[in-house]
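Colleague: Build the 3D model from these lines:
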Amino acid sequence: MDFDEKQSFGFGRNAMIAKVTRFSWSPFLFLITLIALLSFQITTKTIYPIKIAFSSTSKTGVSADTRTSCAGFFGELPERKAVMSIREFGGVGDGKTSNTETFRKAIRYLQRFGESGGAQLNVPKGIWVTGSFNLTSNFTLFLEEGAVILGSQDPKEWPIIEPLPSYGRGRERLGGRHISLVHGDGLTNVVITGNNGTIDGQGKMWWELWWNRTLEHTRGHLVELMNSNNILIANLTFCNAPFWTIHPVYCRLPLSPFFPLLGFCFLLYSIALT
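Modeller: Residues are numbered from 1 along each chain as shown. As a prediction, this is how the structure comes out:
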């Protein structure tokens, strides 16, 4: 029996020809299409190579042309009725004085404007050492140029809170977890922005506790918003996080047709992970 007549059970010339005829072009075409889309994204600097058709104005009053941007998701940045500086509450931006209670007191005070136009807390140029503080709804945290919110090195200024229900325990240790430096739960209409200010968690201490296995509770994040919606984080630098840098959890943003599960709109000058 010559080569052509062999029953090769998958081997031989006939089998090879059969394999070639069964070749599918689908993966190859998909790869070519993907490369073309990525090239289009790079040249046009857009994350949406295929334009989705909307009516000129949606039910939210946001035009279709702006809905692909953070401003489109959020609409115009709100003008808050009450605008105050952290200095008006006794804050000291010298890089040494703890402003933990000052931030907490300021936000508690500004919370009263939540249903009557909202409030904005300005953080002027300086280094503002603070432990964790909670935001409130209808609120803007604005860091001016040269302003740095610096995470406290005292773990007691990062209180212990319940673990996330989806974990049922601390991610790194049993029990609770340290609250994030900037925290919020059940909020709506919140803006964290500025003129390229910085939120620095001074995370090295926390990472050393983890590396040395002396961490008693799970580390806090730099910014965490839970069960919240309509959030804008823009024009800031986030660096040296104790754990995760920005952690949205159980959040949604109904205005966004593209990221219904993300729940946040980020437009950051930079996120520095160290």
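Colleague: Ile35: neighbouring residues, count only.
Modeller: Counted with other CB atoms under 10 Å, the neighbours of Ile35 add up to 10. For the C-beta atoms, the positions are set from N, CA and C on the backbone; glycine is no exception.
Colleague: Are we agreed that it is in a helix?
Modeller: Yes - residue state for Ile35 (DSSP: H, G, I helix; E, B strand; the rest coil) corresponds to a helix.
Colleague: Look up how far Phe28 lies from it.
Modeller: Per CB to CB, to the nearest Å, Ile35 is found 11 Å from Phe28.
Colleague: again with Leu222
Modeller: Applying CB to CB to Leu222 and Phe28 gives a distance of 44 Å.
Colleague: okay, those two: which has more neighbours?
Modeller: When Leu222 is set against Phe28 and neighbours are counted by other CB under 10 Å, the residue ahead is Leu222, at 25 against 10.
Colleague: if I look at the nearest residue to the more buried one once chain neighbours are set aside, how far off is His247?
Modeller: In space, and not counting its chain neighbours, Leu222 is closest to Ala241: 3.9 Å by CB to CB, 6 or more residues apart in numbering. Note on Ala241: its distance to His247, by CB to CB, is 9 Å.
Colleague: Return, as residue ranges, the portions of the stretch 151-274 of the chain with sub-threshold pLDDT.
Modeller: Scanning the stretch 151-274 of the chain for pLDDT under 70 picks out 164-175, 252-274.
Colleague: the domain parsing of the chain - what is it?
Modeller: Domain segmentation of the chain under automatic domain parsing yields 3-44, 70-272.
Colleague: Can you say which of the ones you listed is packed in most?
Modeller: domain 70-272 (a mean of 18; mean count of other CB atoms under 10 Å).
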